[in-house]
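1. no sequence on this one, just coordinates:
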């Protein structure tokens, strides 16, 4: 009987989403669809993911292979050519991306030029599916309270958003429609988080994370496990659409998000309620985000990137998306909202 299984390539496998994809590889969908999984990551020092991989691979009959290196490097593609053949059926989840760069030029280098080279190289193989993890950043902020959907027009804020926009455009113009899927995701939460998310949770729990008054602006969010599951659902099916927004069904206000974090931290005894009495909220004036957003644009045009100014520039804005297209097609996907996952996330953030 002919084997219809594919080889799965995951770029950015050492990142936050990559960790969630590794966790899912224990499940039946992986075993039924893939013979081999190739994990691509920049650094050989990614010990956490390697240790997880060893535990996972003991329980399932799938071969895992790591490739280390820069996607712009020819050495990377020489290493890739050694472990895949022209005849193999390939599927790709492209999760490699840089969110906060040292300089503005790095956004274009790592988020666009790397992808462009990867597409040119991978197109020489028998590519069945290419799923790209995009972002809300190519679309800026909501206008007139209208959530983003699959037909929203590009309106990027800053060079990160521009680089992700260019990435979407080259994919849509280069790959065939029956091969390509783009998943647009907003603000991440979930386990195996990077240090920046741990710092956010700690500061929010202690009332030291700023909120732009009045704090009622809406943000769509997504658990990385749900994003990983959505990616697998799409790449292993005959998906009806090319583009999908994936996020929790309802957006959350910054006030509500901070409240959920603080209540969990108090309930789980990471902070005492009396210690938080006078610092429930760290409020900034209403125009703070608008001013920082303008400053961020000026600095990025000069080739300067400030993570703090960029984050504050988004902090008071509405960034809301509508995920009903994905939910309608994949109705059996039960999401894990922040209210249900927050206790574990707080534990990971505070347990050093």
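-> That came through, no problem. Owing to the predicted nature of the structure, the values given are computational and were not obtained by experimental measurement.
2. In the stretch 251-352 of the chain, where is pLDDT below threshold?
-> Scanning the stretch 251-352 of the chain for pLDDT under 70 picks out 273-281, 352.
3. can you give me the helices for it?
-> Under the criterion DSSP state H, counting those that start in this stretch, the stretch 251-352 of the chain contains helices at 254-267, 288-301, 307-315, 324-329, 338-350.
4. sec struct for residue 130, please.
-> Assigned by DSSP: H, G, I helix; E, B strand; the rest coil, the conformation of residue 130 is strand.
5. got a pLDDT number for the residue nearest to it when sequence neighbours are not counted?
-> Spatial nearest neighbour of residue 130, chain neighbours left out: residue 92 (4.8 Å); criterion: CB to CB, 6 or more residues apart in numbering. In short, each C-beta sits where N, CA and C put it, glycine included. The model reports residue 92 with a pLDDT of 97.
6. Residue 92 and residue 217, how far apart?
-> According to CB to CB, to the nearest Å, residue 92 and residue 217 sit 35 Å apart.
7. Between these two, which is the more surrounded one?
-> For the pair residue 92 and residue 217, the greater number of neighbours falls to residue 92 (25 against 21), based on other CB atoms under 10 Å.
8. okay, how far is it across stretch 67-82, tip to tip?
-> 11 Å (CA to CA, to the nearest Å).
9. actually stretch 245-257, not the one I wrote
-> 21 Å.
10. How about stretch 70-86?
-> End-to-end distance of stretch 70-86 (CA to CA): 22 Å.
11. Check the offset of it from the chain's centre.
-> Relative to its chain's centre, stretch 70-86 lies at 24 Å (CA atoms, centre = their mean, to the nearest Å).
12. i'd like the first residue to be 33 from this point on
-> All set: I'll call the first residue 33, so the last point we hit is now stretch 102-118.
13. And for it, what's in contact with it?
-> Identification of contacts with stretch 102-118 by CB atoms under 8 Å, 6 or more residues apart in numbering yields 39, 43, 70, 72, 74, 97, 99, 101, 122, 128, 141, 145-147, 149-150, 153, 156-158.
14. Keep only those of these that are in helices.
-> Those of those mapping onto helices are 146, 147, 149, 150, 153, per DSSP state H.
15. Would you mind measuring from the closest residue to the first one other than its chain neighbours to residue 208?
-> The reference is to residue 146. Of all residues not flanking residue 146 in the chain, residue 103 sits nearest, at 4.0 Å (CB to CB, 6+ apart). As judged by CB to CB, residue 103 and residue 208 stand 22 Å apart.
16. do residue 47 as well
-> Residue 47 sits 27 Å away from residue 208, going by CB to CB.
17. And the two? Which one has more around it.
-> Per other CB under 10 Å, whichever of residue 47 and residue 208 has more neighbours is residue 47, with 25 against 9.
18. show me the contacts for that one.
-> Residues in contact with residue 47 (CB under 8 Å, 6+ apart) are 73, 127, 128, 129, 226.
19. my guess is residue 158 contacts residue 39, does it?
-> No. Assessed by CB atoms under 8 Å, residue 158 is found out of contact with residue 39, at 9.5 Å.
20. Pull up the overlap in contacts between those two.
-> Residues touching both residue 158 and residue 39 (CB under 8 Å, 6+ apart): 120, 121, 122.
21. With neighbour count and distance to residue 326 as added columns, please give these in JSON lines.
-> Formatted as JSON lines, those follow (neighbours: other CB atoms under 10 Å; distance: CB to CB, whole Å):
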{"residue": "120", "neighbour count": "16", "distance to residue 326": "50"}
{"residue": "121", "neighbour count": "17", "distance to residue 326": "49"}
{"residue": "122", "neighbour count": "20", "distance to residue 326": "44"}
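22. circling back: the residue nearest to residue 162 sits in which helix or strand?
-> Element membership for residue 124 (DSSP states H and E) is strand 121-126.
23. Just the angle for that strand relative to helix 146-154, thanks.
-> Comparing the axes of strand 121-126 and helix 146-154 via axes from the mean of the first three to the mean of the last three CA atoms, to 10 degrees yields an angle of 180 degrees.
24. So which elements touch strand 121-126?
-> Strand 121-126 sits against strand 38-43, helix 146-154, strand 158-167, helix 256-267, with contacts defined as 3 or more CB pairs under 8 Å, 6 or more residues apart in numbering; DSSP states H and E.
25. ok, residues contacting the first one?
-> By that I understand strand 38-43. Residues outside strand 38-43 that contact it (CB under 8 Å, 6+ apart) are 50, 53, 62, 65-72, 103, 116, 120-128, 150, 154, 160-161, 267.
26. List the strands paired with it, with their directions.
-> Partners of strand 38-43 in the sheet, by DSSP bridges, are strand 66-73 (parallel), strand 121-126 (parallel).
27. Contacts for the longest one next, please.
-> Around strand 66-73, the neighbours that count as contacts under CB under 8 Å, 6+ apart are 35, 37-47, 50, 54, 57, 62, 81, 85, 94-101, 103, 108, 112, 115-116, 123, 128.
28. now that strand, how far from the centre of its chain.
-> Its chain's C-alpha centre and that of strand 66-73 lie 19 Å apart, by CA atoms, centre = their mean.
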